[in-house]
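>>> Here is a sequence together with a model predicted from it:
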Amino acid sequence: MRKRTWQLSLVIVAGLVLAGVNRVVVSQVADPSAGHGAHGMNQVTKAVAKVDPLGESGVKGKVTFTKQADGVLIEAELTGLQPGEHGFHVHEFGDCSMADGTCAGGHFNPTGAPHGGPDDAERHAGDFGNIKADQSGNATYKRVDKHIALGGPNSIIGRSVIIHADPDDLKSQPSGNAGARIGCGVIGIADPKMEH
Ligand code: CU
Ligand code: ZN
């Protein structure tokens, strides 16, 4: 009797272990983020940054990055800006934790180029030029960029978008004389199926 009880518990334990293994295998197969799908590893096709104010600026919004055949489509919607142009860049580090945005580092510049405007052949990859706010402080931006990428050496994943108080003059070194950093958002991998 005692032996049978022991055998029974062994069967139950083995069953639980098998069920657990089974669950792990099923979840790996079902999880597209595991990266073993038809597109292979590390094929990020969409990224997003939620922009939050630095200090008391009140700047808020969202920037999305969508991979396209001819580059990366950048779309931004911001509110709470002063009317006019504001420097708009990708900075090297994805760290918005200081009130003045200092910890985001300088412009993302994987090729060692001088600062420039978005249409210059020689520029920092992070040089998006300016985003222009209307009289209500709302701004949108839409451009396809060939310097940034969502993978490889020019990847912007894990870096940050920074909005500045002043316009970027597109030529002053090293950062276009765009003044204080007033908005910051860390760029993360987005779900391409999510529409929002
Ligand atoms: Cu900047
Ligand atoms: Zn720059």
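Yep, it's here. Ligands and ions are numbered 1, 2, ... in the order given.
>>> Just give me the neighbour total for Thr115.
Let me fix one detail, which is that residue 115 is His and not Thr. His115 is flanked by 25 other residues according to other Cβ atoms under 10 Å. All C-beta spots, glycine's among them, are computed from the backbone N, C-alpha and C.
>>> before we move on, what about Lys146?
The burial count for Lys146: 11, using other Cβ under 10 Å.
>>> Begin at 561 from now on, thanks
Okay, residue one is now 561; in that scheme the one you just asked about reads as Lys706.
>>> Tell me who's in contact with it.
Residues in contact with Lys706 (Cβ atoms under 8 Å, 6 or more residues apart in numbering) are 630-632.
>>> The chain: helices as residue ranges?
In the chain, the helices defined using DSSP state H lie at 562-590.
>>> How is it partitioned into domains?
Taking automatic domain parsing as the reference, the chain has its domains at 562-590, 606-749.
>>> Compare the ones you listed and give me the one nearest Glu755.
Evaluated over the domains of the chain, closeness to Glu755 peaks at domain 606-749, with 10.6 Å, by Cβ to Cβ.
>>> Enumerate the residues of the protein near ligand 1.
Counting by Cβ under 5 Å from the ion, the positions of the chain adjacent to ligand 1 are 649, 722.
>>> Ligand 2 contacts on the chain?
667, 675, 684, 687.
>>> got a pLDDT number for Arg683?
On the pLDDT scale, Arg683 is placed at 98.
>>> Excluding chain neighbours, give the residue nearest to it in space.
Gly676 (3.3 Å; Cβ to Cβ, 6 or more residues apart in numbering).
>>> picking up where we left off before, now rank the residues of the chain next to ligand 2 by neighbours and give me the top one.
Counting neighbours by other Cβ under 10 Å, Asp687 leads the residues of the chain next to ligand 2 with 29 neighbours.
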